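1. Predicted model and sequence follow; I will ask about them next.
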Amino acid sequence: RLCYSDTDVEALRESISQERAEQFVEMLAGFGHESPVEHVTFTFGIEGVSRSFLAQVTRHRIASFSVQSQRYVRQDHFVFVTPPAIVAEPELLREYENAMQQSIDSYNRLADALAAKYVPEFLAQGCTEKAARTKAEKKAIEDARYVLPNACETKMILTMNVRSLRNFFRLRCCNRAQWEIREVATEMLRLCCEVSPALFRTAGPSCYCGGCTEGK
């Protein structure tokens, strides 16, 4: 309302009701004035997703991410995400699980061998044995993590403003989005609609609020 009024901020804040706020939000959306909703942010705690998901979601650059570190958190028995298409085929699932186990075994062998190599170096620098082993472990898993697959599970905190979320939902709730990010985006949209229906009434894939923008 500030953009269209010479009234001071406090008076504007006090004079608007919930009903008028919703009407104003809808009016702004109607003629494409989206900058006001950039002041509204939503924060999500996301678990059980893959590093493949992480690579996709971080392409949405107008957002803030805090992601579990593979430098500081050892992945010796990492949880992995399995695509539904692989789960549906027992033979493929066995091959997939074998590949995951091989990655776990390789990671542990590398981490242990590197840590054993680094402990004497830190002891020679004057560290206590406990400190030397802690530092060696951290330095070892920095390099051992290179064998971890995209399937490896990660956790994150994600914050986006409403304008960015609308764009995210338009692209990632679409049937052409990859299954994992589509599932997460759909759940995020459901939660947003519960909290603030006025802001997300027309949110979703482009076909939900107009024509498809994804070609054929």
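-> Good, I have the coordinates. Numbering: from 1, shown residues only.

2. make it CA atoms for all contacts and neighbour counts henceforth
-> Fine.

3. Now name the helix or strand holding residue 210.
-> Assessed by DSSP states H and E, residue 210 sits outside every helix and strand.

4. Any chance of the backbone angles for it?
-> When read as degrees, to the nearest 10, the backbone of residue 210 gives phi 160, psi -150.

5. From residue 204, how far off is it?
-> 10 Å (Cα to Cα, to the nearest Å).

6. Could you check which of the two has the larger neighbour count?
-> When neighbours are counted by other Cα atoms under 10 Å, residue 210 and residue 204 differ, and residue 204 comes out ahead with 23 against 9.

7. Let's verify that one: helix, strand, or coil?
-> Taking DSSP: H, G, I helix; E, B strand; the rest coil as the rule, one finds residue 204 in the coil state.

8. looking at the chain, which helix or strand is least sure?
-> In the chain, no helix or strand scores lower on mean pLDDT, DSSP states H and E than helix 18-30, which sits at a mean of 76.

9. Sort out which residues of it are buried, please.
-> Judged by neighbour count (16 or more other Cα atoms under 10 Å), helix 18-30 contains these buried residues: 22, 25-26, 28.

10. Using CSV, please lay out the residues you listed together with distance to residue 160.
-> Rendered in CSV, the data for the buried residues of helix 18-30 read as follows (distance: Cα to Cα, whole Å):
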residue, distance to residue 160
22, 20
25, 18
26, 20
28, 19
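
11. With respect to residue 114, which of those residues is nearest?
-> residue 25 (56.9 Å; Cα to Cα).

12. just the buried residues of helix 18-30 now: which is nearest residue 195?
-> Set against residue 195, the nearest of the buried residues of helix 18-30 by Cα to Cα is residue 22 (13.0 Å).
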